[in-house]
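>>> Below are the sequence and a predicted model; questions follow.
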Amino acid sequence: MTNFKRGSNAVRCGKLRGATDTDYFYFFCPSCEGSHIMRILDYRICEERDKSPYDGIEGISSTSSKGFTLQFKIHCEKCNLSDTVKLTNINGWPKGEHSVSLKNLGCLD
């Protein structure tokens with residue numbers, strides 16, 4: 001069983017990037033030059049709810065089928081960075097510009 005910890009400063013404040021090729025999403029190592037793909041080693045379901053608390057709030061017209069937070073352990077084979085990252089629809093910022101969330105978190109001036 002993987003010991004999941006909170007993501008480190010290496011992946012916070014917009015440092016972890018990613019992209020798709022087909023419909024698969026890849027995380028790029030924030031420590032290596034270029035877009036070196038990180039391997040996903042494990043995952044866990046942190047939380048599940050019947051619905052997302054963001055459904056029905058002002059400015060959001062879409063509805064999710066349920067609420068969830070997933071956490072992934074990721075690893076870079078090139079530099080050996082190991083970290084964790086979460087995907088959620090019940091915490092964090094549900095809409096808007098990424099720069100606004102970074103500013104609110106103190107990542108940008």
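Good, I have the coordinates.

>>> what lines up beside the top strand by length along the chain in the sheet?
In terms of residue count, the longest strand belonging to the chain (DSSP state E) is strand 39-49. Each strand pairing with strand 39-49, determined using DSSP bridges, is listed with its direction: strand 67-75 (antiparallel).

>>> Now do the helix or strand following the partner strand: distance to the chain's middle.
For strand 67-75, the succeeding helix or strand toward the C-terminus, using DSSP states H and E, is strand 82-88. Its chain's C-alpha centre and that of strand 82-88 lie 5 Å apart, by CA atoms, centre = their mean, to the nearest Å.

>>> Tell me which residues of strand 82-88 come out buried.
By neighbour count, and taking 16 or more other CB atoms under 10 Å as the criterion, the buried residues in strand 82-88 are 82-86, 88. Glycine gets a C-beta too; all of them are placed from N, C-alpha and C.

>>> Now render those as CSV, adding pLDDT and distance to E58.
Output for the buried residues of strand 82-88, formatted as CSV (pLDDT from 0 to 100; distance: CB to CB, whole Å):
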residue, pLDDT, distance to E58
S82, 96, 39
D83, 96, 34
T84, 96, 32
V85, 96, 28
K86, 95, 25
T88, 93, 20
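
>>> Could you export these as TSV, including distance to S101?
As requested, these are arranged in TSV below (distance: CB to CB, whole Å):
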residue	distance to S101
S82	25
D83	19
T84	19
V85	15
K86	14
T88	13
